[in-house]
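1. What would the 3D arrangement of this be:
(chains A and B)
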Amino acid sequence: MWQGSRITPGAPGYTSNRAAMLRAVETLRALEARTATKSEQRRDRFRQRGQITPRERLARLLDPGLPFLRLHSLAGYMADTDDAEKSLPGSTFLIGIGFVSGVRAMIVVDDSGINAGALSPMALQAMLSAQEIALRQKLPFLHLVESAGANLMNYRVEDWAQGGAVFRNLARLSAAGLPTVAVLHGPSTAGGAYMPGLSDYVIGVRRNGMAALAGAALVHAATGETASDAELGGAEMHASVSGLVEYMAQDDIHAIDMARRVMARLDWNRDMPAPQARSVAEPVHDPDEIAGVVPADWATPYDMRELVARLVDGSDFDEFKPDFGPATLCLQARVHGVTVGILANNGPIDPAGANKATHFIQACDQAGTPLVFLNNTTGYMVGVEYERAGMIKHGSKMIQAVANARVPKITLYTGASFGAGNYGMCGIAYQPDFLFAWPTSRSGVMGGAQAARTMSLVARAGAERRGVDMDEDRLATQEAAIEALFDRQSSPFYTSGKVLDHGVIDPRDSRKVIAFCLQTCLEAQKRRLNPNAFGVARA
Amino acid sequence: MSGARFSSVLVANRGEIAVRVMRTAREMGLRTVAVYSSADADAPHVAMADQAICIGPATAAQSYLNIAALLKAAEASGAGAIHPGYGFLSENADFARAVEAAGLVFVGPSPDAIEAMGDKAKAKRRMQAAGVPCVPGYEGAAQDDATLIAEAARIGFPVMVKAAAGGGGKGMRLVTNAPDLPEALLRARAEARAAFGNDHLILEQAIQRPRHVEIQVMADAHGAIIHLGERDCSVQRRHQKVIEEAPGPAVDAPLRARMGAAAVAAAKAVGYRGAGTVEFLLDETGAFYFLEMNTRLQVEHPVTELITGLDLVALQFSVAQGAPLPVAQDDICLNGHAIEARLYAEDPANDFLPATGTVALWQPGPDVRVDSGIATGSTVSPHYDPMLAKIIAHGPTRDAARRALIAGLEGTAALGLTTNGSFLQDILRAPGFAQGAATTSFLDEAFPEGWAPEALPQTAIACAAGLLLCSEMHTALDATCGSDPALIGFSSDGGTPVQMELEIDGTVHHLTVIGFGKPTFRVDGDAGTSHMSLGDISATNIRAKVDGTTHNIVHAPAPGGGVFARIGGRHLFIRRHRPWLAATDAQTGGQIVAPMPGLIAGICVSSGDRVQAGQTIAILEAMKMQHRLSAPTSGVVANILTTAGQQVTSGTVIAILEEDT
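-> Presented below is the predicted three-dimensional model:
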């Protein structure tokens, strides 16, 4: 067990850190609740149609008591409007990894309480992300469908063109040996009709479930034919005439029960090896203390061992080359019994740190040890000394190692994640298996103040070269604008809205989130699928 | 045992009494032989015997009532004696005679004594002769309606009509008004004939609001007869005893002495030997009347055992061995109070309909004597009496015994079956019973509208919800490929409330559960909100903390899904409400539809026919196969829409059934 903690819970610094961190968590929960509340306001409408709400569907689908990892809960935040107070995060999807009849599955629920479940550009990105995770982590894919489709008023050609990837992914999931299940709770028209069309199992809800290439209005416009939605694509018709629906449900609750039965019938874990029983020691330092241990301001330095001691089993870890490039931490520990290599930053990454990290990543890759990246870096060191020391090539080596490591990679943005430091610490572009941000973290090419100062220096140099006086007022305005431009985009709520991570989490949940992700990855490693060339064709 | 007449005994019975008798037999060093019907092959009485012999199929007439088979089993096993228990052949003089003729010892009275007391009319005449007070009535040989009607008028209404050969309430009828008598006679005769093969009836003056008080007697083969005090068995349902106790709340020492003397006189009059019971009606004035004598061990004998400290079965064996009674009348002293409750597989809220099924879990309650013939996994079949067990509590005072019995019943689990357990607890809690004031009218007076369980409290509903969720969670965990206990209850978005429709014994409760999986979770329902935590449900007995109170829960999975549980002393069947299961039946029911195109090869019913579920309605010939189309439920054929030889398409309605509702 690590003996180096200098933190006293309850001390003034601890208390103020904790207050600031909890405020940030509250902001996260308030954003999630904003959409949930708005959606649940339509509960009466759902009831009138004999339905339950999307959140009720999700809650009933999941095995009671088993863990659930929500993904992309902020997707689309600030994409629908610039008004931070009005923007509805979530992008009309409820996405997460959860257990259905004991099967770890990727679950996507259309949030039809928001804009009738109509798709948005960020919704598309979130859906693609969910499908990519499902494919990579070998998760069966469950989709509870009720969507008005794309809003024609907001048509964008690129969404239509790229939207096809959703169906491509469904086809590939099926071919990879991953069952795809769709429940038709409500309408699924136009492109949406291929959701059930490309699913291996479809459950249709009597009266409400509907799938058609074109709804009544479009059919009338296109061919002049007058037809009801039920005739065009009612679940009953699909169950008995077209063959699009395998199972007929009386109502939403019945449909969820059927989906659970479909999953149970997969006998999905039949060939999985029996789990090894491992004793898991809880951290000696309570993970709840993370809120007080970590400075709320990313710019305040602290010893990240304090964080690691609150994430790993028994607060016990070994340090790899502690005195070589000491600002870059390479630690060996266990999380819920799984041995991991942890990279963390006690400051910018210098050439020694980059070298050490490279060595460590390659060693973990060799041993098959999953990697956890705890981002808290303003980037690689700059300056003559560091350039001469080969910062570029050492940083490149580290990026090379990260890019090519074959082991599971889990990234947390805990503080700053700036510049190429983000690349070296396995940012989104390096396709970590999972990437979550803390609500107090910041990511971007650099901090806003640094960008503003840089631009001011460039402006002064230009003015000097041209021999003109500097307009200090204009410069101040420009600095403020640049700072605002950077800071707005560095917020984890904003980047999560852009689907540049898999979600924002409560920092105190970090240990559990890492454990869940590790288990998901390790399960995928052990799972043997029965892939075929074309997936399951619909009869 | 020196000079013993037998060293092994065959117990010609089943269930709790076979177990009870064998327990003492073994204690006395007797080798035990069990007999069983094919339905009882795995029953506890079979398992505990030194030897067990199958005597026939499930039907009692071909097994437990089959004298030839029993004697053959005795011969095969080399048993020296036969203990008949109660019921079955225990009061059958022919059986006793046959046992003795086979050179075996019958553990009971002589065949003559059985016969003398077996015919109610003859017995009554004999008792009157012996000076035993009897209820005024008619027990003559003439059985024509005119005689009986005239005799009833002489006795005065209300009168009780009884089967002369009767017992157990069969053939027994209370007639309040003269015009109802002919109908009552007709029915009583029919019942008597069916039950006893003898339709002779007797009439008795109906004693108003009497108590049923019976005296246990014990006689040896050497002329000694003693009594072991009384039992009050007034709490009866249709003349079936439900609760029995000793001593009787209305019996003081002088009355006990008088009744005891009368009982001893009765036994003496028939030359009685062994254990017997003389039943009396005790009216409000303290007058008592001979009712009948049961020439066997009684179901309720344990209450006498608990207050006398004697083992009645041991005394029976000892007498049967020819030994003199080891105790004299003066040695008998009564210690404290004992109450027995009979746990039945029946539905007290539904006209006491007998229940059958498999015992998912059997766990006798604490600090009570439990005589049972069931075990976890036992099947309760429709072939035999549905009594599961007797729960008997002993205490220094009547109230202490009553409280102990309530606790014992609360702590007894007979999961998987509908039982009268809650009904028994309600009786014991009823003020009339608590005061010791129960007469034979008690149940009708205490539950004039019949009995119904009280509405479940919110805490119990919350426990039920938590239990079902826990069981579902474990089912899910078993299906995973490795679970992490530290992640149970974790949801990275803080969790979402879950709605559930919980069905408890057919009643649907709409609940919202918040935070299930966390150490403490919340259950909201119409009846309120509960905060609760549950122990590890991998154990059968768990503790739940609900709103600061601890509840002991016993549970077992139900084979068809859901859980059986005992929560707060109540037995509950808890499952998810799945209305669509019933809806599917209702939709397909009623119509017999061709499942594929084919030729109607035959119609097997006619319009208006009454059909049973599963009965063939039509034969469809398709793809060279003959398909039987059968009735989904019982009902009446309302319409036949096709004819034999007709070619039909898939989905053609062949016939319409009007289902029974």
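
2. which residues does B:S441 contact?
-> The contact partners of B:S441, by C-beta atoms under 8 Å, 6 or more residues apart in numbering or on different chains, come to B:R209. All C-beta atoms are positioned from the backbone trio N, CA, C, and that covers glycine.

3. can you list the residues of chain B near chain A?
-> Within chain B, the residues that sit near chain A (C-beta under 8 Å from any C-beta of the partner chain) are B:469-470, B:472-473, B:475-484, B:486-501, B:513, B:516-517, B:576, B:578-580, B:583.

4. Pull out the buried residues from those.
-> Neighbour-count burial (16 or more other C-beta atoms under 10 Å in any protein chain shown) is assigned, among these, to B:469-470, B:472-473, B:475-477, B:479-484, B:487-493, B:495-496, B:498-500, B:513, B:516-517, B:578, B:580.

5. Which ones among the residues of chain B next to chain A map onto strands?
-> B:V498, B:Q499, B:M500, B:E501, B:V513, B:R576 (DSSP state E).

6. Out of the residues you listed, the closest to B:F564 would be?
-> Nearest to B:F564 among these is B:R576, at 14.4 Å by C-beta to C-beta.

7. For the worst-scoring helix or strand of chain A on mean pLDDT, C-alpha coordinates in CSV please.
-> Lowest by mean pLDDT, DSSP states H and E among the helices and strands of chain A is helix A:216-223, with a mean of 85. Output in CSV follows, covering the C-alpha atoms of helix A:216-223 (Å, rounded to 0.1, in the frame of the first residue of the first chain):
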residue,chain,number,x,y,z
ALA,A,216,-48.8,7.8,-45.4
ALA,A,217,-48.0,11.4,-46.3
LEU,A,218,-44.9,10.5,-48.4
VAL,A,219,-46.7,7.7,-50.1
HIS,A,220,-49.5,10.0,-51.1
ALA,A,221,-47.1,12.6,-52.3
ALA,A,222,-45.1,10.0,-54.3
THR,A,223,-47.7,7.8,-55.8
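
8. now the helix or strand just after it: mean pLDDT?
-> Per DSSP states H and E, the first helix or strand lying C-terminal to helix A:216-223 is helix A:229-233. The predicted model assigns helix A:229-233 a mean pLDDT of 89.

9. then helix A:229-233 to CSV, C-alphas only?
-> Only the C-alpha atoms of helix A:229-233 are listed here, as CSV (Å, rounded to 0.1, in the frame of the first residue of the first chain):
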residue,chain,number,x,y,z
ASP,A,229,-49.9,3.8,-41.4
ALA,A,230,-51.3,0.4,-40.1
GLU,A,231,-51.7,-0.8,-43.6
LEU,A,232,-48.3,0.5,-44.7
GLY,A,233,-46.3,-0.9,-41.8
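
10. which residues in the stretch 351-500 of chain A form helices?
-> A:351-367, A:384-388, A:391-404, A:419-424, A:448-466, A:472-490, A:492-497 (DSSP state H, counting those that start in this stretch).

11. which outside residues touch the helix or strand just after the last one?
-> Stepping forward along the backbone from helix A:492-497, the first helix or strand reached (DSSP H and E) is helix A:510-526. Applying C-beta under 8 Å, 6+ apart, the contact partners of helix A:510-526 are A:67, A:69, A:97, A:104, A:136-139, A:272-273, A:283, A:287, A:290, A:310-312, A:335-336, A:338, A:340, A:370, A:372, A:408, A:410, A:412, A:414, A:433-434, A:436, A:438, A:505, B:481-482, B:484, B:486-487, B:490, B:492.

12. What average pLDDT does helix A:510-526 get?
-> For helix A:510-526, mean pLDDT rounds to 97.

13. Tabulate the CA atom coordinates of it in PDB.
-> C-alpha atoms of helix A:510-526 as PDB (Å, rounded to 0.1, in the frame of the first residue of the first chain):
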ATOM      1  CA  SER A 510     -13.900   6.600 -11.800                       C
ATOM      2  CA  ARG A 511     -12.900   3.300 -10.100                       C
ATOM      3  CA  LYS A 512     -16.200   1.600 -10.900                       C
ATOM      4  CA  VAL A 513     -16.200   3.000 -14.500                       C
ATOM      5  CA  ILE A 514     -12.700   1.700 -15.100                       C
ATOM      6  CA  ALA A 515     -13.600  -1.600 -13.600                       C
ATOM      7  CA  PHE A 516     -16.700  -1.900 -15.800                       C
ATOM      8  CA  CYS A 517     -14.700  -1.000 -18.900                       C
ATOM      9  CA  LEU A 518     -11.900  -3.400 -18.100                       C
ATOM     10  CA  GLN A 519     -14.400  -6.200 -17.600                       C
ATOM     11  CA  THR A 520     -16.100  -5.300 -20.900                       C
ATOM     12  CA  CYS A 521     -12.800  -5.400 -22.700                       C
ATOM     13  CA  LEU A 522     -11.600  -8.600 -21.100                       C
ATOM     14  CA  GLU A 523     -14.900 -10.300 -21.800                       C
ATOM     15  CA  ALA A 524     -14.500  -9.400 -25.400                       C
ATOM     16  CA  GLN A 525     -11.000 -10.800 -25.500                       C
ATOM     17  CA  LYS A 526     -12.200 -14.100 -24.200                       C
END
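
14. how about the nearest residue to A:D316, chain neighbours excluded?
-> Counting by C-beta to C-beta, 6 or more residues apart in numbering or on different chains, A:D316 lies nearest to A:M1, which is 4.8 Å off, once chain neighbours are set aside.

15. Please report how far that neighbour lies from A:A515.
-> 19 Å (C-beta to C-beta, to the nearest Å).

16. still on that earlier bit, so which of the buried ones among the residues of chain B next to chain A belong to helices?
-> B:L469, B:C470, B:E472, B:M473, B:T475, B:A476, B:L477, B:A479, B:W580 (DSSP state H).

17. A:P287: what's it in contact with?
-> A:P287 neighbours (C-beta under 8 Å, 6+ apart): A:R310, A:L311, A:R508, A:S510, A:R511.

18. In contact with the third one, which residues?
-> Pointing back at A:R508 there. A:V25, A:P287, A:D288, A:I290, A:A291.

19. Would you mind listing the buried residues in stretch B:517-529?
-> B:G517, B:F521, B:R522, B:V523, B:D524, B:G525, B:A527.

20. Closest one to chain A out of those residues, please.
-> Of all the buried residues of stretch B:517-529, B:G517 has the smallest distance to chain A: 3.3 Å, by C-beta to the nearest C-beta.

21. My read is that the closest one contacts B:P485, right?
-> No: using C-beta atoms under 8 Å, B:G517 is not in contact with B:P485, being 10.4 Å away.

22. Now do the end-to-end distance for stretch B:96-109.
-> One end of stretch B:96-109 sits 8 Å from the other (C-alpha to C-alpha, to the nearest Å).
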